[in-house]
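> quick one: sequence and predicted model below, then my questions.
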Amino acid sequence: MKIIILFICFFLHSIAWSQTLTDEDLKSRKIADSLINDHLQKEIKDKKHVLLLVDNEKMVIVIKNSDSFKEFYLNKNTGIINETILLPSDPIINKMFDKSIYKKGFTTFDSEFFKFGYEISSGSITYFVFKDEVGRRYGEAKLSVFIKPNPVDTDVYAYFVNRLMFYSNR
C-alpha cells in the first residue's frame with residue numbers, strides 16, 4: 001500500500017512540474033527538421049549534429065563526420081548558403097558533441113529553469129538542439145539570442161550566435 005501511495009505522489013509531482021509545449025514552441029523544431037530534410041538529409045543520416053535556428057529562418061548546423069566536422073549555413077527561403085569543413089582540433093567544436101553538457105527536455109521561458117526569472121533576454125527567438133546519431137534530442141531550447149542565465153552551455157551557444165552574425169554580415 002505504501003508503494004502505491006508513493007507512486008501516486010510521484011506521479012502527481014511529475015505532472016505538477018511537467019511543461020506543456022505549445023504549437024508555437026514546437027514550430028521552430030518543425031522548421032529546423034524541415035530544413036534538414038529538404039537540404040541535408042543525406043549529409044546528416046546517422047550522424048550527430050548541433051544546430052541553432054534564428055527567427056525560424058536562418059540556421060547554422062554543425063555535423064560530426066568520422067574525421068572532421070561540417071558546418072552549414074541555411075536560409076529557409078534559399079536553402080544552403082555556405083558549407084565549411086571544420087577541424088577536429090577546435091575544443092568548442094568537440095565540446096558541443098558531448099551530450100553530458102546538455103539539459104534534458106525542452107527548455108522555454110515557461111520551464112522550471114526560469115521559474116525565478118532571468119536577468120536579461122533580448123533579440124530574436126532561437127531554437128537550439130543537439131541530436132545524436134539516432135535522432136534523440138538533448139539540450140533542446142527555445143530562447144532568445146541573448147539570454148542570461150542560459151540553459152545551454154555558454155561557449156557552445158556563443159559559438160552559434162557568433163557564426164550566425166558572421167554569415168548575416170556577408
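Okay, I see it.
> host element of the closest residue to S122 other than its chain neighbours?
Among residues not flanking S122 along the chain, F146 sits closest, at 4.4 Å (CB to CB, 6 or more residues apart in numbering). No exception for glycine: its C-beta is placed from N, CA and C like everyone else's. Using DSSP states H and E, F146 falls within strand 137-148.
> quick one: E133 and K45 touch, right?
No - using CB atoms under 8 Å, E133 makes no contact with K45, being 9.1 Å away.
> the more surrounded of the two?
E133 (12 against 8; other CB atoms under 10 Å).
> quick check: that one vs F114, distance?
30 Å (CB to CB, to the nearest Å).
> next one: K104
From K104 to F114 the distance is 16 Å (CB to CB).
> ok, these two, which is more surrounded?
F114 (16 against 10).
> can you pull the pLDDT of that one?
Per-residue pLDDT puts F114 at 93.
> so what's the closest residue to A141 other than its chain neighbours up against?
Nearest residue to A141, sequence neighbours excluded (CB to CB, 6+ apart): T107, at 4.1 Å. Counting by CB atoms under 8 Å, 6 or more residues apart in numbering, T107 touches F113, F114, G139, E140, A141, K142, L143, P151.
> could you do L21 as well?
F106, T108.
> name the helices or strands packed onto the one helix or strand R29 maps to?
Using DSSP H and E, R29 sits within helix 23-39. If contacts are counted by 3 or more CB pairs under 8 Å, 6 or more residues apart in numbering; DSSP states H and E, helix 23-39 sits against strand 49-54, strand 58-64, strand 69-75, strand 79-86, strand 120-131, strand 137-148.
> I'd like the ones you listed as TSV, with mean neighbour count and distance to D38 appended.
Below are the helices and strands packed on helix 23-39 laid out as TSV (neighbours: other CB atoms under 10 Å; distance: least, CB to CB, whole Å):
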stretch	mean neighbour count	distance to D38
strand 49-54	24	14
strand 58-64	23	11
strand 69-75	20	9
strand 79-86	13	7
strand 120-131	19	16
strand 137-148	19	19
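> nearest to F160, of these?
strand 49-54 (3.7 Å; CB to CB).
> that closest one packs against which elements?
Partner elements for strand 49-54 (3+ CB pairs under 8 Å, 6+ apart): helix 23-39, strand 58-64, strand 120-131, helix 154-168.
> CSV please, covering those and showing distance to I85.
Formatted as CSV, the helices and strands packed on strand 49-54 follow (distance: least, CB to CB, whole Å):
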stretch, distance to I85
helix 23-39, 17
strand 58-64, 10
strand 120-131, 20
helix 154-168, 14
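> before we move on, back to that, any idea how far V129 is from the residue nearest to A141?
T107 is 10 Å from V129, by CB to CB.
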